[in-house]
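1. next input, structure requested:
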Amino acid sequence: MTTIELVENGAPVEVALDDRTGLALRSSDLVTAVPSVQPGWWIIGPRTRVGVARVAGVDLTIRPKVDIRRLMFLVGYARDGSFWRDEEVDVEEDTDLLTVIASAFARQAAKATSHGLLQGYRVEELASPVLRGRIRTTDQVTRRHGMALPLEIRFDEYDVDIPENQILRAATDRLLRLERVPDDTRRTLRRLSRELADVTPLPRGWVLPTWTRSRLNARYHVALGLSELVLRGSSVEQAAGTVRIDGFMLDMAKLFEDFLTEALGAALVAGGGRVRVQDRWHLDEASTVPMKPDLVWYGPGSTTPTAVVDAKYKAEKPSGYPNADLYQMLAYCTVRGMLRGHLVYAKGNEPEARHRVVGAGVEIHQHALDLDADPAVLLDQVHDLATQVTRLAASEDFLAARDVAAHA
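-> Sure, this is the predicted structure:
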């Protein structure tokens, strides 16, 4: 068994691999993989995903460059906008991400179900020889063609087979299928699996059932957030031809985007107005080219965008377009007639800068957040960013008003 260990954003490693395995790693999109000049060797490098996976017989470990406690804070805040308390992330320095996530989920799920599984009402539709609830008249006529029995009925069932428990079971089953989950965590997961035996399992590939946060399911909130994280992170499981990929990976770019939209959005709304995430715009007048900026702020009383922000964990540099982020932001500003746009990076990936576009009068501001900072310090940075965005938007309104007056 070949083992490859990488650090996010770190240096690639050269490994002896056959071409089939090298191509499987490349097609997985978890790492970069190119043949070395030396036959029988491949150069494997990290992308933005972190975690563990097994690809074509290769055990792949990619460690995040930020401290695991800082990473778990980002995860917790991105899920529900609240702090992730240090005592909930009691990890050793060399603990891998899967161990941390699996242990946190098992602990929180066990806590959520310690007083029994949550129960609720669900709608059941079936054919029955006994009347219960009410008859589905249309189905009775079209399916039974005048037969008295069975009856097509609909009724409310009160039991544990509800979306919240189905999601917990899906995450539990998923973690039990992974080989690298620690034994003590696996024992807790097995107990959870037995408790959830009466809950309908979700087939692989199914869309998760929806649930709504409420006072009644408050004790499940943290566990459900971790469940969704487990299921999203384990979605790297796939069949790439005859090669199986199985593991748990988090996309740091998506995590950074989720954290920024949650934290910056809350900071902007605190000052008034509203925010829209992934607002739907179009580049052309025929509305055939869609655009979805990460975060759009509509100031107090405004029906048009006041500020536009895009989260860029690291600069996107597709071949031939090294400044793609700037072109994208310029398109956003041009379409909505805005004088300023904001790109927010993780510190260390891109510097803070300001670009004034020739002939357009548009300024694009690059900001950087230090993800290695203490959580309170990081949130202070986000609040400072919100202040800067609102201040620049206010000055933009002044400039626009001045231009209107000048042409009057």
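2. domain assignment for this structure?
-> Per the record, the chain has its domains at 1-64+240-249, 120-159, 271-406, by automatic domain parsing.
3. tell me the mean pLDDT for the longest one?
-> Right, the one you point to is domain 271-406. Across domain 271-406, the average pLDDT comes to 86.
4. gap between it and the chain center?
-> How far domain 271-406 lies from its chain's middle: 21 Å, per C-alpha atoms, centre = their mean, to the nearest Å.
5. what does the second one give?
-> In terms of C-alpha atoms, centre = their mean, the centre of domain 120-159 is set 39 Å apart from its chain centre.
6. looking at the domains of the chain, which is nearest to T172?
-> Ranking these by proximity to T172 (C-beta to C-beta) places domain 1-64+240-249 first, at 13.8 Å. Placement of C-beta: from N, CA and C, glycine included.
7. distance from that closest one to the middle of the chain?
-> 23 Å.
8. what are the buried residues along stretch 196-205?
-> Using 16 or more other C-beta atoms under 10 Å as the test for burial, stretch 196-205 gives L196, V199, L202.
9. make that stretch 44-55, sorry
-> Buried residues in stretch 44-55 (16+ other C-beta under 10 Å): I44, P46, R47, T48, R49, V50, G51, V52, A53, R54, V55.
10. of those, which pair is most distant in space?
-> Taking C-beta to C-beta as the measure, these span a maximum distance of 19.6 Å, between T48 and R54.
11. for A104, which non-adjacent residue is closest in space?
-> Nearest residue to A104 in three dimensions, chain neighbours excluded: L226, at 5.9 Å (C-beta to C-beta, 6 or more residues apart in numbering).
12. any idea which element that neighbour lies in?
-> Assessed by DSSP states H and E, L226 sits inside helix 221-233.
13. need the contact partners of that helix.
-> Applying C-beta atoms under 8 Å, 6 or more residues apart in numbering, the contact partners of helix 221-233 are 51, 75-76, 79-80, 101-102, 104-105, 108-109, 111-112, 164, 167-168, 170-171, 174-175, 208, 211, 213, 217, 248-250.
14. now the buried members of these.
-> Buried residues within the contacts of helix 221-233, counting neighbours by 16+ other C-beta under 10 Å: 51, 75-76, 79, 101-102, 104-105, 108-109, 112, 164, 167-168, 170-171, 174-175, 208, 211, 217, 248-250.
15. which ones among those residues lie within strands?
-> G51, F248, M249, L250 (DSSP state E).
16. who's V31 bridged to?
-> Counting by DSSP bridges, V31 is bridged to P46.
17. relative to G272, how far out is it?
-> As defined by C-beta to C-beta, to the nearest Å, V31 lies at a distance of 44 Å from G272.
18. which one's more surrounded, these two?
-> Between V31 and G272, V31 has the larger neighbour count (other C-beta atoms under 10 Å), namely 22 against 13.
19. that one and L6 touch, don't they?
-> Yes - with contact defined as C-beta atoms under 8 Å, V31 counts as touching L6 (6.9 Å).
20. joint contacts of these two?
-> With C-beta under 8 Å, 6+ apart, V31 and L6 have common neighbours I44, G45, P46, L60, I62.
21. and those residues as JSON lines, adding pLDDT and distance to L378?
-> Conversion of the shared contacts of V31 and L6 to JSON lines gives the following (pLDDT from 0 to 100; distance: C-beta to C-beta, whole Å):
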{"residue": "I44", "pLDDT": "94", "distance to L378": "31"}
{"residue": "G45", "pLDDT": "93", "distance to L378": "28"}
{"residue": "P46", "pLDDT": "92", "distance to L378": "23"}
{"residue": "L60", "pLDDT": "89", "distance to L378": "29"}
{"residue": "I62", "pLDDT": "91", "distance to L378": "23"}
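22. what is the most widely separated pair among the residues you listed?
-> Greatest spacing in the shared contacts of V31 and L6, by C-beta to C-beta: G45 and L60 (11.8 Å).
23. I'd like to know which of the domains of the chain is closest to F259.
-> domain 271-406 (8.3 Å).
24. neighbours of R219, just the number please.
-> By other C-beta under 10 Å, neighbour count at R219 equals 15.
25. next one: P39
-> If you count neighbours by other C-beta under 10 Å, P39 ends up with 7.
26. do M291 as well
-> 15.
27. now do V89, the pLDDT please.
-> Here the pLDDT value assigned to V89 is 49.
28. just the one 5 residues further on next, same as before
-> D94 is assigned a predicted lDDT (pLDDT) of 55.
29. ok, the one 3 residues further on next?
-> L97 is assigned 83 on the pLDDT scale.
30. which ones are touching it?
-> L97 makes contact with V50, G51, V52, R63, P64, I68, L71, F248, L250, according to C-beta under 8 Å, 6+ apart.
31. find the nearest non-adjacent residue to E257, please.
-> Nearest residue to E257, sequence neighbours excluded (C-beta to C-beta, 6+ apart): A311, at 4.1 Å.
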